[in-house]
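**Student:** The amino acid sequence is not available; the structure is as follows:
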């Protein structure tokens, strides 16, 4: 939350997730409602999940491509295999505290282990842009 506030004061923040908005909304509220791109569920009048709706295949990488097509530079941060395509498409991709198997399979993607490291890298990248 402090890191998110720090980022939002310096640049745009979009959370891209494979989750469903119905599950993520309570967390997004705690984070100050950053923009969230994810999937959604159909829930009936009794509160039962009756269907799920994926926005698109390979959605994380497609979000990066869409933002880049609008001439945005994208810094992506992820922690697992389902983030790798997004990290590789981004102008700068970072693995945040990933498990060892993800590190071993993707040695070319930089690893960060703290919010301070994220801030340092983002600051450096933003300085290059100005």
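**Tutor:** On my side now, so go ahead. All values reported here derive from a predicted model rather than from experimental measurement.
**Student:** which residues of the protein fall in strands?
**Tutor:** Applying DSSP state E to the chain gives strands spanning 14-20, 35-43, 49-53, 75-78, 92-96, 111-112.
**Student:** count of residues packed around residue 74?
**Tutor:** Look at residue 74: counted by other C-beta atoms under 10 Å, it has 19 neighbours. For glycine as for every other residue, the C-beta is placed from the backbone atoms N, C-alpha and C.
**Student:** contacting residues around it?
**Tutor:** Counting by C-beta atoms under 8 Å, 6 or more residues apart in numbering, residue 74 touches 64, 67, 68, 89, 90, 91, 92.
**Student:** The last one and residue 121 touch, don't they?
**Tutor:** When you say that, I think you mean residue 92. Yes. In this structure, residue 92 is within contact of residue 121 by C-beta atoms under 8 Å, at 7.4 Å.
**Student:** Which neighbours do those two have in common?
**Tutor:** Counting by C-beta under 8 Å, 6+ apart, the residues touching both residue 92 and residue 121 are residue 75.
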